[in-house]
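1. how would this look folded up:
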Amino acid sequence: MEGYMTRLPGGVQDRLAGEARALRAAQERLLLLFTTWGYQEIATPTFEFLEVFDDGRGFPRENLYKFFDQRGRILALRPDMTMPVARLVATRLQDETMPLRLAYAAAVYRQNGEGRGESHEIHQAGGELIGLAPPWGDAEILCLAREACQTLEMEDYYISLGHVGFFAGLAEEAALTEKEMVVLKDSLSSRDFVSYASQLETMKRSGRRIGPLSELPFLRGRPEEVLKRAGDGCGNSKARQALEEVRGIWEAMRTFDPEVRLLLDLGLLRRPAYYTGAVFEGYAPSLGRPILGGGRYDQLLSSFGLERPAVGFGLILDDLLPRLVQPADLALNYLLVAASAQSAQAQRRARSLREKGYSVVVHIATSRFVGNDAGFLSDELTSLIKARRPEKVLYLEESGIRDLSGLWTKSRSPGKVGGERQAPAAADGIH
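-> Here you go, the predicted model:
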């Protein structure tokens, strides 16, 4: 057991100062964006009863983190935010005027298998739109997802839109069994097109009419082109209805932004199982997995006792953090150094600067002298400066205040410590 005290379980990680600050800043920026669209922030418990996340509509139970409470009831950490929001709306907000616009920033927890490089603690921010049917509900959520990417200054992202009804219609036309449909949906959800093609070949030998299904992974691209290719020769009413719904969503999105960037991908399916209509994912070319995902889940709320259409999305922040960390996230404006006799004065100065919005660290020097006549800093102070990189270093002594900001360039262990940055002029009055 001792061997685990200094280790982390698979799928989780510590966030150091830069990434932790970047994560918090991203959440705050996104929640502010959601507020401007009329979405109200909500929070749900980190864990709930297992039944909320039942595998008939959510994730398989083996993917959940489960444990018992003191009464022997099975609880689970939330694997996503959509199911808790559906439970919240159905039990607490059922009498509110629809549509409801709800937003969140939270972590979710899923066991995705050891050694796959996937996080088990996933930080998300997203929105849920309850009570607005397609196409306008879907178009609003998709445009909000686009603005979320832009808020985080992502320029190379793109969003793909599909519809679970198109696959369902083609599967119905091919007279697939429920088991065959599940197998194919699993392959499409994991984007395993080799397995998908192999399974279709097996079904073909069994006499299934799999021709249209075999084209599904290739129905990707510009909306007008994909809709034409998919519609030519499509005789199933369920599939054609899905195509018309996708067309309506695309046209509604263009009223938000005539230059909207959107790809259609009719082979796109998503886990979990509660999606009933349009589904979508967002990608950044430099990352190997989606950065956002969502879709329509019109039947999910009914499992909690409330019939309402609903659509939502979640933006995954973890993979974006390296590009969101900025040097300013670690910046220290002032380092105030004082002997113990001047500690009260140093704290007063620090309080004054903090009230003006500056970051300040007070260091009570243990060395008798901070610098010598040759202009060198003590090893103690040099190490602190190199670690924190302050914009300005002030030494409070009995005779006054000395500005030591330029002395590290002459230090015995110089390093390049913040020398390129200017001290904030507004705080010069501290001298």
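
2. Run through the neighbouring helices and strands of the helix or strand bottoming out on mean pLDDT in the chain.
-> Least confident helix or strand, the chain: helix 379-388 with a mean of 82, by mean pLDDT, DSSP states H and E. Helices and strands touching helix 379-388, by 3 or more Cβ pairs under 8 Å, 6 or more residues apart in numbering; DSSP states H and E, are strand 332-338, strand 360-364. All C-beta atoms are positioned from the backbone trio N, CA, C, and that covers glycine.

3. who does the shortest one touch, helix- and strand-wise?
-> By that I understand strand 360-364. Using 3+ Cβ pairs under 8 Å, 6+ apart, strand 360-364 sits against strand 332-338, helix 343-355, helix 379-388.

4. Report the inter-axis angle for that strand versus strand 332-338.
-> In terms of direction (axes from the mean of the first three to the mean of the last three Cα atoms, to 10 degrees), strand 360-364 departs from strand 332-338 by 20 degrees.

5. Okay, and the beta partners of residue 67?
-> Residue 67 has these beta-bridge partners by DSSP bridges: residue 75.

6. how near is it to residue 392?
-> Separation of residue 67 from residue 392 (Cβ to Cβ, to the nearest Å): 50 Å.

7. So which of the two has more stuff around it?
-> Ranked by neighbour count (other Cβ atoms under 10 Å), residue 67 and residue 392 place residue 392 first, with 24 against 12.

8. and the gap between the more buried one and residue 326?
-> Distance from residue 392 to residue 326, counting by Cβ to Cβ: 20 Å.

9. residues near residue 300, how many?
-> Neighbour tally, residue 300, other Cβ under 10 Å: 26.

10. still on that earlier bit, could you give the separation of the least confident helix or strand of the chain from the chain centroid?
-> The chain centre lies 36 Å from the centre of helix 379-388; the measure is Cα atoms, centre = their mean, to the nearest Å.

11. what's the angle from it to strand 360-364?
-> Using the same axes, to 10 degrees: helix 379-388 against strand 360-364 is 160 degrees.

12. Now the element after helix 379-388, going C-ward?
-> The helix or strand immediately downstream of helix 379-388 is strand 390-397, counting by DSSP states H and E.

13. Kindly present the helices and strands packed on strand 360-364 as TSV, with separate columns for distance to residue 401 and mean neighbour count.
-> As requested, those are exported to TSV (distance: least, Cβ to Cβ, whole Å; neighbours: other Cβ atoms under 10 Å):
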stretch	distance to residue 401	mean neighbour count
strand 332-338	9	23
helix 343-355	8	15
helix 379-388	15	17
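
14. what would these look like in JSON lines with distance to residue 181?
-> Below are those laid out as JSON lines (distance: least, Cβ to Cβ, whole Å):
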{"stretch": "strand 332-338", "distance to residue 181": "58"}
{"stretch": "helix 343-355", "distance to residue 181": "61"}
{"stretch": "helix 379-388", "distance to residue 181": "58"}
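
15. Those: which one's closest to residue 282?
-> In terms of Cβ to Cβ, the element of these nearest to residue 282 is strand 332-338, at 35.2 Å.

16. Pairing partners for the closest one, with directions?
-> strand 360-364 (parallel), strand 390-397 (parallel).

17. got the CA coordinates for it in CSV?
-> Output of strand 332-338 as CSV, limited to C-alpha atoms (Å, rounded to 0.1, in the frame of the first residue of the first chain):
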residue,chain,number,x,y,z
LEU,A,332,4.6,38.4,-10.4
ASN,A,333,4.5,42.2,-10.5
TYR,A,334,6.4,42.9,-7.3
LEU,A,335,8.8,41.2,-4.9
LEU,A,336,9.1,43.2,-1.7
VAL,A,337,12.2,42.2,0.4
ALA,A,338,12.6,43.3,3.9
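
18. Might one say that residue 49 is in contact with residue 75?
-> Yes - applying Cβ atoms under 8 Å, one finds residue 49 in contact with residue 75, separated by 6.1 Å.

19. neighbour count winner among the two?
-> Shown here are residue 49 and residue 75; by other Cβ under 10 Å, residue 75 has more neighbours (17 against 13).

20. Quick check: that one touching residue 46?
-> No - using Cβ under 8 Å, residue 75 makes no contact with residue 46, being 9.9 Å away.

21. for residue 156, what are its contacts?
-> 284, 285, 286 (Cβ atoms under 8 Å, 6 or more residues apart in numbering).

22. which residue packs closest to residue 266, ignoring adjacent ones?
-> Nearest residue to residue 266 in three dimensions, chain neighbours excluded: residue 219, at 4.0 Å (Cβ to Cβ, 6 or more residues apart in numbering).

23. what about the one you found, how many neighbours?
-> So residue 219, with other Cβ under 10 Å, has 19 neighbours.

24. Would you enumerate the residues in contact with it?
-> By Cβ under 8 Å, 6+ apart, the contact list for residue 219 reads 226, 229, 230, 264, 265, 266, 267.

25. Need those in CSV (columns: distance to residue 18 and neighbour count).
-> Below are the contacts of residue 219 laid out as CSV (distance: Cβ to Cβ, whole Å; neighbours: other Cβ atoms under 10 Å):
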residue, distance to residue 18, neighbour count
226, 41, 22
229, 46, 17
230, 45, 23
264, 38, 27
265, 35, 21
266, 41, 26
267, 38, 21
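
26. among those, which are in strands?
-> Counting by DSSP state E, the part of those found in strands is 264, 265.
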